[in-house]
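In: sequence plus the predicted model coming up.
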Amino acid sequence: LAWQLEGGVLRARMSVAPKKGVDSDLAEERIKARRDRIARRVAAAEAGVAHVETEEDVDWVDPTPHRSNLKIEEVAEAVDLAREDMTQKVSLVRATADLADSQRRQAEEEARDARRHALVTDRAASQKAAEEIESKWATALALNGVEDLAEALEAQRAACDEILRRKDALAEEFRKALKDKDNKYVEEQRSQSSDVQTILTTMATQSKAIWKDHQKQLEDLEGAFLEERTELLDHTKEKWTGYADHRRQDEEIQAKERLKGISDHEDRMDHLREKEAMEYNAVKAKLTHDIHQLEQQVELMRATYQLNSEKLDYNYQVLKKRSEENAITISQQKRKISRMQDQINNLRLRGRKQEKDGLSENAALTEDFKRIADRFKELQKKFRHFQVADNTQYEEVFAMNEEAGTGIVKELLAVDQVIFEQQLGLKWKGPDESVFSSLSDEVINAGRPAADVLESVLEVNEDTDAAEAVVVGEIPGHVVKQALLLLADEAEFLLEQRLLGLLAPLEEKQRYLMKLDSIFKALGVENEESIHELVGHLVIPPEEGAVPPVYELIAPNQVNSALKDFVESHARPNQGVPEEATHPDDGTALVARHRDDYWTHLAHIHPDLHTRIWDAVQDGLMKYEEVLEKRKKSIEHCEDLEVQNAELKQLLQQYMTSDINKALVIPPTAVLTQTTAPTPTAQ
């Protein structure tokens with residue numbers, strides 16, 4: 001008898017070993033056994049002999065299901081029904097609570113919409129009333145009679161009281177709704193506590209009932225197993241008794257086989273007993289484990305419900321505290337509104353007064369501005385004069401400093417050459433002499449002011465000689481002139497309309513000169529290099545290999561995009577600084593930048609490799625100096641030790657020859673003699 005777990009239910013199966021013939025697990029073997037049986041029957045019929053059905057000729061038929069199987073199925077169905085019933089009862093309470101909560105949320109949403117609508121309506125009515133009150137102030141202020149003014153003020157006060165009355169009524173309605181909501185919250189909390197207690201009671205009752213039912217079913221299952229085991233033992237005993245009677249007739253021939261068979265069957269019975277006992281213990285342990293798990297789940301649910309109850313109490317206290325704080329805040333806001341209204345009135349009066357003072361102050365400041373503007377023009381003239389003098393003095397001081405710095409650098413290079421060639425025996429290579437020059441001709445030419453370049457370009461004609469026509473870079477002068485004229489015609493949006501009106505009566509050359517000067521200031525073009533970059537965006541480069549090169553201007557509708565590209569690639573160096581303070585037309589910015597590069601390069605003319613070599617030489621010399629210092633100290637220490645040794649010898653001699661040694665029982669000389677004497681090996 002074998003037990004199997006099928007669909008959560010233990011099933012009993014009767015197994016007969018070994019399975020052969022029609023009982024085999026292999027289909028081919030069963031087919032072969034049936035064919036052999038048919039062949040034997042046919043042969044017996046042909047021979048006229050009665051066919052005797054053997055054990056192999058009879059198909060094995062599954063016996064009637066055992067009571068243990070039926071009992072296990074009944075237990076499983078009862079457990080499932082009890083579990084489903086428990087789940088339905090708990091779910092019913094939860095569904096009822098969810099339905100009530102859904103209805104409560106829907107009612108709260110409708111009440112919230114109604115309150116929001118009331119607020120919107122009250123806001124619109126209050127705003128309209130406030131506008132009417134504000135519009136009547138001007139009429140009231142225009143009245144001269146005391147009685148009329150009093151009536152107007154009384155009407156204004158009545159309108160304000162009406163607004164406040166509506167606000168108070170709306171606030172009272174909201175307070176009532178808040179109080180109703182608090183009462184509803186208390187009722188909901190009580191209902192929820194009742195539902196939780198109902199669930200706990202139901203779960204506790206059901207858990208006890210299930211536990212008792214499981215215990216009873218387990219006992220019934222154990223009884224079924226014991227009865228079936230007894231029946232199986234009786235049936236097996238009867239079967240073996242029949243086999244013993246049948247075999248006793250042929251006892252002499254099959255004695256050994258009978259004993260062997262009995263032994264095998266006894267072993268199989270022991271095995272079945274052990275297996276059934278193990279399966280029984282496993283089922284019992286599983287059911288006990290399920291009972292413990294259900295008890296743990298009940299305890300966990302109790303703890304969860306207790307925690308939820310504490311959370312709800314805490315939330316109620318928090319909401320109550322917030323309600324009190326909101327009431328305090330509402331009263332504070334009302335006081336703040338009245339205070340702010342007084343401040344608004346005071347600020348209006350102050351604004352009117354400041355407006356009058358501002359008009360008078362503006363007139364005075366306008367006169368001061370005109371006077372300061374005239375003074376500023378005079379200062380500009382003086383500034384230009386002193387700027388020329390300062391530039392001259394700066395050039396002289398720069399030349400003197402350049403000469404001094406060059407001398408120091410040359411001395412440094414000479415020292416570096418001596419260290420490499422004399423101390424290290426290496427080949428030394430110095431820098432190029434061009435590094436000692438602060439400015440080149442290209443830098444000086446590139447720093448020409450834009451105004452000078454404009455005057456020279458506008459005087460260029462197409463008949464000018466090719467050598468003289470190259471004014472900016474490699475582009476001919478007449479091409480540069482055409483490009484600048486195109487820029488002046490298409491970029492008038494960079495100029496003010498008032499300036500265009502002032503330039504209309506001037507000559508063509510002066511008009512273009514003033515236009516281009518204003519456009520250059522707007523674009524940040526300050527010197528010849530910037531003009532060359534701008535013209536490069538307005539001219540199409542010639543084809544490679546063309547002799548002579550032919551330059552073409554871009555289309556007028558492409559000027560805006562060309563200016564955009566130029567502005568993105570050309571950063572204004574002094575953006576945010578007043579134009580009067582920068583003076584970009586003097587071309588000094590480029591010269592100063594190159595001079596900074598010159599001083600930076602001059603400061604780093606000595607390579608880092610040479611510096612590291614100097615450090616290595618210095619480290620070697622310092623280590624050599626340390627070795628010499630150590631040798632000096634060692635020699636001095638040896639001399640000190642020699643002096644101390646001589647003094648100790650003299651002191652020891654005085655101690656040994658002292659007269660007090662004669663008065664001692666054991667003089668130090670005897671101790672020293674005994675200590676220095678050799679030890680006898682015999683002792």
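Out: Structure received.
In: distance from the helix ranked longest in the chain to the middle of the chain?
Out: Criterion DSSP state H: the longest helix present in the chain is helix 251-418. How far helix 251-418 lies from its chain's middle: 9 Å, per C-alpha atoms, centre = their mean, to the nearest Å.
In: for that helix, name the packing helices and strands.
Out: Packing partners of helix 251-418 (3 or more C-beta pairs under 8 Å, 6 or more residues apart in numbering; DSSP states H and E): strand 2-6, helix 146-248, helix 588-603. Where you see a C-beta, it was placed from the backbone N, CA and C, and this is true even at glycine.
In: how does it look with 6 Å?
Out: Counting contacts by 3 or more C-beta pairs under 6 Å, 6 or more residues apart in numbering; DSSP states H and E, helix 251-418 packs against helix 146-248.
In: ok so, going back, the longest helix of the chain vs helix 146-248, what angle?
Out: Calculated by axes from the mean of the first three to the mean of the last three C-alpha atoms, to 10 degrees, helix 251-418 forms an angle of 140 degrees with helix 146-248.
In: now do helix 251-418, average pLDDT.
Out: Across helix 251-418, pLDDT averages out at 85.
In: equivalent analysis for stretch 486-495, please.
Out: In this model, stretch 486-495 has a mean pLDDT of 83.
In: ok, stretch 227-240 next?
Out: For stretch 227-240, the per-residue pLDDT averages 85.
In: residues in contact with stretch 280-296?
Out: 207, 211, 214, 218 (C-beta atoms under 6 Å, 6 or more residues apart in numbering).
In: most surrounded residue in these?
Out: Among the contacts of stretch 280-296, the one with the most neighbours (other C-beta atoms under 10 Å) is residue 214, at 19 neighbours.
In: okay, the closest residue to residue 213 other than its chain neighbours and residue 210: tell me how far apart.
Out: Spatially, and ignoring its direct neighbours in sequence, residue 213 is nearest to residue 82 (6.3 Å; C-beta to C-beta, 6 or more residues apart in numbering). Distance, residue 82 to residue 210, by C-beta to C-beta, to the nearest Å: 5 Å.
In: which one of these two has more residues nearby?
Out: More neighbours surround residue 210 than the other of residue 82 and residue 210, with 19 against 16 (other C-beta under 10 Å).
In: now that one: how far from residue 99?
Out: 28 Å.
In: for residue 536, what are its contacts?
Out: For residue 536, no residue meets the contact criterion (C-beta under 6 Å, 6+ apart).
In: give me the element it is part of.
Out: If you go by DSSP states H and E, residue 536 is part of helix 528-538.
In: and that helix, C-alpha only, in CSV?
Out: Output of helix 528-538 as CSV, limited to C-alpha atoms (Å, rounded to 0.1, in the frame of the first residue of the first chain):
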residue,chain,number,x,y,z
GLU,A,528,42.5,96.5,-38.0
GLU,A,529,42.5,92.9,-36.9
SER,A,530,38.8,93.1,-36.0
ILE,A,531,38.0,94.8,-39.3
HIS,A,532,39.8,92.0,-41.2
GLU,A,533,37.8,89.4,-39.3
LEU,A,534,34.5,91.3,-40.0
VAL,A,535,35.3,91.7,-43.8
GLY,A,536,36.1,87.9,-43.9
HIS,A,537,32.5,87.2,-43.0
LEU,A,538,31.2,89.6,-45.7
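In: any idea how far the helix or strand that comes right after that helix is from the middle of the chain?
Out: Later in the chain than helix 528-538, the nearest helix or strand by DSSP H and E is strand 539-540. Chain-centre distance of strand 539-540: 50 Å, with C-alpha atoms, centre = their mean.
In: in terms of secondary structure, what does the helix or strand just after strand 539-540 contact?
Out: Next along the chain after strand 539-540, taking DSSP H and E as the criterion, comes strand 552-553. With contacts taken as 3+ C-beta pairs under 6 Å, 6+ apart, strand 552-553 sits against helix 477-490.
In: what's the angle from the helix it packs on to helix 528-538?
Out: Here the directions of helix 477-490 and helix 528-538 differ by 70 degrees (the same axes, to 10 degrees).
In: give the buried residues for the next helix or strand after helix 477-490.
Out: Next helix or strand after helix 477-490 toward the C-terminus (DSSP H and E): helix 497-503. Applying a neighbour-count criterion of 16 or more other C-beta atoms under 10 Å, one finds residue 503 buried in helix 497-503.
In: quick one: residues in contact with helix 497-503.
Out: When contacts are defined by C-beta under 6 Å, 6+ apart, helix 497-503 is touched by residues 511, 514.
In: with just CA atoms, put that helix into CSV.
Out: Once non-C-alpha atoms are left out, helix 497-503 reads as follows in CSV (Å, rounded to 0.1, in the frame of the first residue of the first chain):
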residue,chain,number,x,y,z
GLN,A,497,16.7,106.8,-35.9
ARG,A,498,17.7,110.2,-34.4
LEU,A,499,21.3,109.6,-35.5
LEU,A,500,20.2,108.8,-39.1
GLY,A,501,18.2,112.0,-39.2
LEU,A,502,21.3,114.0,-38.1
LEU,A,503,23.6,112.2,-40.7
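In: how far does it sit from the chain's center?
Out: From the chain centre to the centre of helix 497-503 is a distance of 57 Å (C-alpha atoms, centre = their mean).
In: who does the next helix or strand after it touch, helix- and strand-wise?
Out: Following helix 497-503 in sequence order, the next helix or strand is helix 508-523 (DSSP H and E). Here helix 508-523 touches helix 450-458, helix 477-490, going by 3+ C-beta pairs under 6 Å, 6+ apart.
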